[in-house]
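Asks: coords please:
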Amino acid sequence: MELADQLLYQGTTREQYMPGFTKKFPYYAVCSKMDKGFRMEAPWHWHRSVELFYMEKGSVEYFTPGGKFVIPEGCCGFLGAGVLHRTVLPEACQHNLSQIHLFEPALLSGGAGSLIDQKYISPFLDAAGQKVLILCPDVKGEARVVELLRKSFELQASSYGYEVRLRDALSEIWLQFLKVCPPEVLKKECQADDGAIKNILSYIYDHYSEKIDITDLAKAGHCSERECYRSFQEYLHMTPVQYIRSWRLERAAELLTSGEDTVADIALACGFGSSSRFGKMFREAFSVTPLTYRQRLREEHTK
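Replies: Prediction:
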């Protein structure tokens, strides 16, 4: 399982990059960690897979257009495919560690429109909507699901029959989720069309090194400037300026660890006017200087 402390992106939509995730086996596992004063959040992103995760250490806050969801240590959670979300380390938490299954629903259903999809997959996804479903071991009826999910990460990818055993484990976890959170009792909600905000975010991902104004964003989203501002507040709970700044910092953090460019070069490549402005904003976001961040993350990767 890969240990991740930052997200990578791919494609014109900039979905999360998941090495080894293919149509032949649409699955990816990751162990995600955050530390206070270092990597305290994963920015807004989405992926075509569903997300099943177990909170091994600490806690984490998930933000989606459906609200804020806090997952304590020892609990597990479910997030549907294509849902915009970000994760943040809570103020009172110094570090966390979570184990995550990411997979396309077709891995369990065999394909959209199949009998399994119609009976067990699509109804659950539709009912879950943009919420994060949280189960805890001290709640009656939920302990079994948490334990099944925790143990599923013990499967060894090198063992014979791994793919079959993994699919069986995920199928059983899915059925147990259905028992605890059946679609008919999950609150129905109107599924908002988030196509515009995703188009806007994709534009930012392609042009973050350039000057971006609200006119550019509205054009990318095929909406008015007023609607653009409203979409950012409704979906991301922040302004366009705040999001652009956070994305530029995220890209800068990636460049600091994936190459040998100087801080000045990275500042310019990520749309900051000067290295001094970049350094100030980076320290505010990560509580360390860019060079300290580069050194510490590389040390972590060599352990």
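
Asks: now the strands for the stretch 101-250 of the chain?
Replies: 132-135 (DSSP state E, counting those that start in this stretch).

Asks: how about the helices in it?
Replies: Along the stretch 101-250 of the chain, counting by DSSP state H, counting those that start in this stretch, helices occupy 106-109, 115-116, 122-128, 143-152, 162-180, 195-207, 214-221, 225-231, 240-258.

Asks: Any chance of those helices in JSON lines with distance to residue 63 and mean pLDDT as columns?
Replies: For the C-beta atoms, the positions are set from N, CA and C on the backbone; glycine is no exception. Converted to JSON lines, the helices of the stretch 101-250 of the chain look like this (distance: least, C-beta to C-beta, whole Å; pLDDT from 0 to 100):
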{"stretch": "helix 106-109", "distance to residue 63": "26", "mean pLDDT": "96"}
{"stretch": "helix 115-116", "distance to residue 63": "31", "mean pLDDT": "97"}
{"stretch": "helix 122-128", "distance to residue 63": "16", "mean pLDDT": "92"}
{"stretch": "helix 143-152", "distance to residue 63": "22", "mean pLDDT": "96"}
{"stretch": "helix 162-180", "distance to residue 63": "21", "mean pLDDT": "96"}
{"stretch": "helix 195-207", "distance to residue 63": "14", "mean pLDDT": "89"}
{"stretch": "helix 214-221", "distance to residue 63": "20", "mean pLDDT": "95"}
{"stretch": "helix 225-231", "distance to residue 63": "15", "mean pLDDT": "93"}
{"stretch": "helix 240-258", "distance to residue 63": "12", "mean pLDDT": "90"}
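
Asks: So which elements touch the helix or strand harbouring residue 32?
Replies: According to DSSP states H and E, residue 32 maps onto strand 27-35. Contacts defined by 3 or more C-beta pairs under 8 Å, 6 or more residues apart in numbering; DSSP states H and E place strand 27-35 against strand 2-4, strand 41-45, strand 95-103.

Asks: and residue 90, which of the helices of the stretch 101-250 of the chain is closest to it?
Replies: helix 240-258 (17.9 Å; C-beta to C-beta).

Asks: and the helix or strand that comes right after the closest one, C-alpha only, in PDB?
Replies: Later in the chain than helix 240-258, the nearest helix or strand by DSSP H and E is helix 263-269. Extracted C-alpha coordinates of helix 263-269, given in PDB (Å, rounded to 0.1, in the frame of the first residue of the first chain):
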ATOM      1  CA  VAL A 263      12.300  28.400  -4.700                       C
ATOM      2  CA  ALA A 264      12.300  31.500  -6.900                       C
ATOM      3  CA  ASP A 265      11.600  29.400 -10.000                       C
ATOM      4  CA  ILE A 266       8.800  27.600  -8.200                       C
ATOM      5  CA  ALA A 267       7.300  30.900  -7.100                       C
ATOM      6  CA  LEU A 268       7.100  32.200 -10.600                       C
ATOM      7  CA  ALA A 269       5.900  28.800 -12.000                       C
END
